[in-house]
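Enquirer: sequence and predicted model, in that order:
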Amino acid sequence: MPSFVSLAPVVTGLVYLGLFIATVVKRDKYQERALRWLLLYLAVCMIWSIIQSLIQFKILPESLGDLTARIGSLLNTTLFLMLTHSALHDLKKFYLWLLASLAWLAIYLVIQIGQILPVPNIELYVILLGWIIFMVGIALSILRTRGANTLPFIRARTYYWAIGALIIAIGGIISFTNQFAISSILLAIGAFILSVTLIRPYMPDIRQMEQEVLNYLVMTILTALVLILGAQAVVWFLGHAKMSYSPTLVGAVIAFIVAALLAPLWIVSRKIAQKLLPQTHFYPESILREYSQSVSSILDPDLLSTVAVGLICKTIEIQCGYLFLVEHELDDMVPRYRLRGSKGIGTSQQEVGMLANDSPIAIYFRQTRHPLRQTDIDMQTRFQTASETERTWLGSLGVDLYIPIHTKEEWMGLIALGPKTNGLPFFDNDVALLSILADQTAVALQNAKLVESLMRLNNDFRRAYTSMEQANRHLQKVNVQLENLDRTKSEFISIASHELRTPLTVMRGYNEMMLEDPNTKGNPFQSKLVNGIQSGIMRMHDIINSMLDIASIDSRSMELQQEEVSIGTLIKMVIKSFSDSLKDRNLSLETENLAELPVIDGDSEALRKVFYHIIINAIKYTPDGGKITVTGLPVSPGQMGLTQGGVEVIISDTGIGINPENLDLIFKKFYQTGELALHSTGKTKFKGSGPGLGLAIAKGIVDAHNGRVWAESSGVDEEKCPGSTFHVVLPLHYKEQP
């Protein structure tokens, strides 16, 4: 039957194999350099155990036992030192110790192979001296890491690493006494503690475990006392009562007593443990109530950040914390998250951080919505692809835990907390409580952002209203200036027209005398000259009359003579005056239904000017050979805004048309379409020139009769000639028309 000594290497070899496989599996998730050293350490230990097993089972000669033990001790100690420096992030003298390890190995090999020094057991002394030096180096590394590091997971790791190192040191000391079986068991136990400490990202805190162990011990002692005293009391009672009893009855009574006292004993034991090893406890119900009452009414994001983080840090005893508002934005059309920091606890306001939209950190917060520890960012493989800028910025915050804040579909904030003032890590109950607080913060933050948006919108409206008021004042000032300018222009037109009219009347009188002079009539040349002068005088007379009309319209001094007017007869008189011009340009002008129009009240002379200007406008913009149609339609009472009815005259042509954008502008005074330099000089010629007052006068007169005038056209086209249509609507009784 195999002895304990022969089975010890086999058992430890299996332990190393299991640890090696577990480390390989975890290495896919955590990219930590120490895991590579751990794999190498476990591989050497496993090989050493296999060789020892082969020696124990006589497969290898026993003469290799001492050699393999010394070489194994040398390699294990060297790798253990490298593993310690790497696992505890104590890398300042890492390469110096690596060189010392190589030198130690080289010295041993030289002595072993060359037999340079004739000192008995010199190899053992070299290994022992090196082992002592390296163990001192391991101890110093643990103490240095413990003193210099404040991260809870590193401090917790040093506790367990120190325990594992102590067990390995004891196993090493025992190995020098040739107790290889016990030594191998201790080394395997130490390797197991080291592997678990390195594989697990979070180890239970020693102080928390101390209280749990103490609570268990107190509970055990109290339960034992209850059992002992209960058994004695039951036996004493049954003995004095002279009752027969069986062990089953006694056991049942004791079990009932223990079951009844179990809950009180547990409470008492926890109180005793708390007094012996006091720790800070918080009560989630009161924290949630206080937190909800404090943040629910805050509508300022910065104040919300200060209050929320302050309450969390106070209740859970955290050194510092921040609340970041997450804003989604585009940078050169590339989406990213902008983390705008509000002032937190323990430091000033943090700088703005940026996370790419496809960053693994941003994806984690956006999709999983779970808290994230800084150690996960540093160690897990999936976060290694994040940019160096993102990892550096998060590391500069000096926090341990990140809790995302979400509404239903939006990641809107991030709470960054840590470390705790007592040095403990964040436990699962801490994370669960903080997640609930983050949900409450999301509601308050959403309300605060809504109010902030409303205030920003209100400020924008206020600024827009102020700008609008300034613009209105400026427009009023400009309008006053334009009115003054228009009034001055109208006065100038009126004065100039009156001043020109007197000499023009004299010129017209003398020229008419010359036309009637027999000598002029008998001289064809002189007669032609005088007729030309007369034509120009009459043209000027029409222009001056138009200027006087527009001046009276602008000054609202036009006086209308009320009389009965037959629109059909009036239009026929106007058409008759254009008979020569229509004949010269081969234009046809037709009338429809004019005789059926009712008689209206109005100023016949003024209305004659209306149709004169509109028809002459149609003649000027209709090419030779075109057609003009004047149609009359009676308007029934109540139609087209006429309470008592009226008439509508439609003048349509087959001319070049009007740009739809200019349909209102053509009724403004002095407005002319096209290039003036290309216009002909005749007033009835195609595209003939004019002062640009005709349609303005027509509109003014129609408005004075409480009527309406407007134009319709699909556009300008001198080839297809879409034509234009003018509508003139006049009431039957303009003085009674509102």
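Expert: Nice, I can see it. Numbers count the residues shown, from 1 in each chain.

Enquirer: name the single longest helix found in this structure.
Expert: helix 428-516 (DSSP state H).

Enquirer: give the buried residues for the next helix or strand after that one.
Expert: Using DSSP states H and E, the helix or strand that follows helix 428-516 towards the C-terminus is helix 518-522. Within helix 518-522, the residues that count as buried by 16 or more other CB atoms under 10 Å are T520. C-beta here means a position set from N, CA and C on the backbone, and glycine is covered the same way.

Enquirer: how far away is the residue lying closest to G625 once chain neighbours are set aside from F686?
Expert: Nearest residue to G625, sequence neighbours excluded (CB to CB, 6 or more residues apart in numbering): N586, at 5.0 Å. From N586 across to F686, the span is 11 Å (CB to CB, to the nearest Å).

Enquirer: which one of these two has more residues nearby?
Expert: Higher neighbour count among N586 and F686: F686, with 18 against 10, using other CB atoms under 10 Å.

Enquirer: would you double-check that the more buried one falls in a strand?
Expert: No. F686: not assigned to a strand; according to DSSP: H, G, I helix; E, B strand; the rest coil it is coil.

Enquirer: OK, contacts around it?
Expert: If a contact means CB atoms under 8 Å, 6 or more residues apart in numbering, then F686 has R585, K620, Y621, T622, P623, D624, S680 as its contacts.

Enquirer: now do 10 Å
Expert: Shown in contact with F686 (CB atoms under 10 Å, 6 or more residues apart in numbering): 585, 587, 619-624, 626, 655-656, 679-680.

Enquirer: now those as JSON lines including secondary structure, neighbour count and pLDDT?
Expert: Shown next, in JSON lines, are those (DSSP: H, G, I helix; E, B strand; the rest coil; neighbours: other CB atoms under 10 Å; pLDDT from 0 to 100):
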{"residue": "R585", "secondary structure": "coil", "neighbour count": "19", "pLDDT": "89"}
{"residue": "L587", "secondary structure": "coil", "neighbour count": "22", "pLDDT": "91"}
{"residue": "I619", "secondary structure": "helix", "neighbour count": "23", "pLDDT": "90"}
{"residue": "K620", "secondary structure": "helix", "neighbour count": "23", "pLDDT": "89"}
{"residue": "Y621", "secondary structure": "coil", "neighbour count": "24", "pLDDT": "89"}
{"residue": "T622", "secondary structure": "coil", "neighbour count": "24", "pLDDT": "91"}
{"residue": "P623", "secondary structure": "coil", "neighbour count": "17", "pLDDT": "91"}
{"residue": "D624", "secondary structure": "coil", "neighbour count": "10", "pLDDT": "89"}
{"residue": "G626", "secondary structure": "coil", "neighbour count": "21", "pLDDT": "91"}
{"residue": "G655", "secondary structure": "coil", "neighbour count": "25", "pLDDT": "92"}
{"residue": "I656", "secondary structure": "coil", "neighbour count": "24", "pLDDT": "91"}
{"residue": "H679", "secondary structure": "coil", "neighbour count": "17", "pLDDT": "42"}
{"residue": "S680", "secondary structure": "strand", "neighbour count": "12", "pLDDT": "42"}
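
Enquirer: quick one, phi psi at the residue nearest to G625?
Expert: Main-chain dihedrals, N586, degrees, to the nearest 10: phi 60, psi 40.

Enquirer: what segments of the protein are strands?
Expert: Ranges of strands within the chain are 321-331, 334-341, 353-356, 372-373, 401-406, 411-417, 563-565, 588-592, 600-602, 627-635, 646-653, 708-712, 725-731, based on DSSP state E.

Enquirer: redo those strands as JSON lines? Include mean neighbour count, mean pLDDT and distance to M540.
Expert: Output for the strands of the chain, formatted as JSON lines (neighbours: other CB atoms under 10 Å; pLDDT from 0 to 100; distance: least, CB to CB, whole Å):
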{"stretch": "strand 321-331", "mean neighbour count": "19", "mean pLDDT": "82", "distance to M540": "68"}
{"stretch": "strand 334-341", "mean neighbour count": "16", "mean pLDDT": "84", "distance to M540": "73"}
{"stretch": "strand 353-356", "mean neighbour count": "20", "mean pLDDT": "87", "distance to M540": "78"}
{"stretch": "strand 372-373", "mean neighbour count": "20", "mean pLDDT": "86", "distance to M540": "92"}
{"stretch": "strand 401-406", "mean neighbour count": "23", "mean pLDDT": "88", "distance to M540": "84"}
{"stretch": "strand 411-417", "mean neighbour count": "23", "mean pLDDT": "85", "distance to M540": "79"}
{"stretch": "strand 563-565", "mean neighbour count": "14", "mean pLDDT": "90", "distance to M540": "28"}
{"stretch": "strand 588-592", "mean neighbour count": "14", "mean pLDDT": "92", "distance to M540": "27"}
{"stretch": "strand 600-602", "mean neighbour count": "22", "mean pLDDT": "90", "distance to M540": "28"}
{"stretch": "strand 627-635", "mean neighbour count": "18", "mean pLDDT": "93", "distance to M540": "27"}
{"stretch": "strand 646-653", "mean neighbour count": "23", "mean pLDDT": "93", "distance to M540": "27"}
{"stretch": "strand 708-712", "mean neighbour count": "17", "mean pLDDT": "93", "distance to M540": "27"}
{"stretch": "strand 725-731", "mean neighbour count": "22", "mean pLDDT": "94", "distance to M540": "27"}
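
Enquirer: mind checking which of these is nearest L304?
Expert: L304 lies closest to strand 321-331 among the strands of the chain, at 7.5 Å (CB to CB).

Enquirer: for the closest one, name the packing helices and strands.
Expert: helix 301-316, strand 334-341, strand 353-356, strand 401-406, strand 411-417, helix 428-516 (3 or more CB pairs under 10 Å, 6 or more residues apart in numbering; DSSP states H and E).
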